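Asks: Would you be able to build a 3D model of this:
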Amino acid sequence: MELDNKLIKKLLEVLEELKKSTKGQANLVEELKDTVDDGSIKIKSPLVGTAYIAPEPGAKPFVKVGQKVKKGETVIIVEAMKTMNHVQSTESGEIVEICVQDGEAVEYDQVLVKIK
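Replies: Now for the predicted structure:
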């Protein structure tokens, strides 16, 4: 299984390069990334909306890569229909990746943050 993950990760690197040279294929790369089991806990969007990494523009972000978080701590906000929905950590751990940019549109079940 470990060998398969190494091959898949290499394939993802190649796809990232392809993504840079061809527009419109970003969703394929993101879908493939989610299939690789890197052992992280994935916090996903509970709804369609706009993701915000800080409580307001210019404010300190909720979390940063390498930061330790506790279960129930807000890691991101997803705004939908003028309602700010706080997305909380489902487990305690360390932030290993923030998968969205501030102000980015997100889909239901899209990975927002990864924790180990």
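Asks: pLDDT-wise, which helix or strand of this structure ranks last?
Replies: Least confident helix or strand, the chain: helix 26-35 with a mean of 59, by mean pLDDT, DSSP states H and E.
Asks: Any idea how many residues pack against the closest residue to K68 other than its chain neighbours?
Replies: Distance criterion C-beta to C-beta, 6 or more residues apart in numbering; nearest residue to K68, sequence neighbours excluded, is E94 at 5.4 Å. C-betas here are computed from N, CA, C, even on glycine. Look at E94: counted by other C-beta atoms under 10 Å, it has 14 neighbours.
Asks: Show me what the spatially closest residue to L47 that is not a sequence neighbour bridges to in the sheet.
Replies: Excluding the flanking residues, the one nearest L47 by C-beta to C-beta, 6+ apart is A80, at 5.3 Å. Note on A80: beta-bridge partners T83, judged by DSSP bridges.
Asks: could you measure A80 against V106, distance?
Replies: A80 sits 10 Å away from V106, taking C-beta to C-beta, to the nearest Å as the criterion.
Asks: Comparing the two, which residue is more hemmed in?
Replies: V106 (24 against 14).
Asks: What's opposite the more buried one in the beta bridge?
Replies: Residues in a beta bridge with V106, per DSSP bridges, are G49.
Asks: any residues in contact with both of A80 and V106?
Replies: V48, G49, T50 (C-beta atoms under 8 Å, 6 or more residues apart in numbering).
Asks: burial count for the first one?
Replies: Burial of V48 is recorded as 14 neighbouring residues (other C-beta under 10 Å).
Asks: Could you list the domains of the protein?
Replies: 1-37, 40-116 (automatic domain parsing).
Asks: Can you give the distance of the longest one from its chain's centre?
Replies: In terms of C-alpha atoms, centre = their mean, to the nearest Å, the centre of domain 40-116 is set 7 Å apart from its chain centre.
Asks: Reformat the shared contacts of A80 and V106 into TSV and put distance to K116 and pLDDT next to each item.
Replies: TSV is the format used below for these (distance: C-beta to C-beta, whole Å; pLDDT from 0 to 100):
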residue	distance to K116	pLDDT
V48	27	95
G49	26	94
T50	27	94
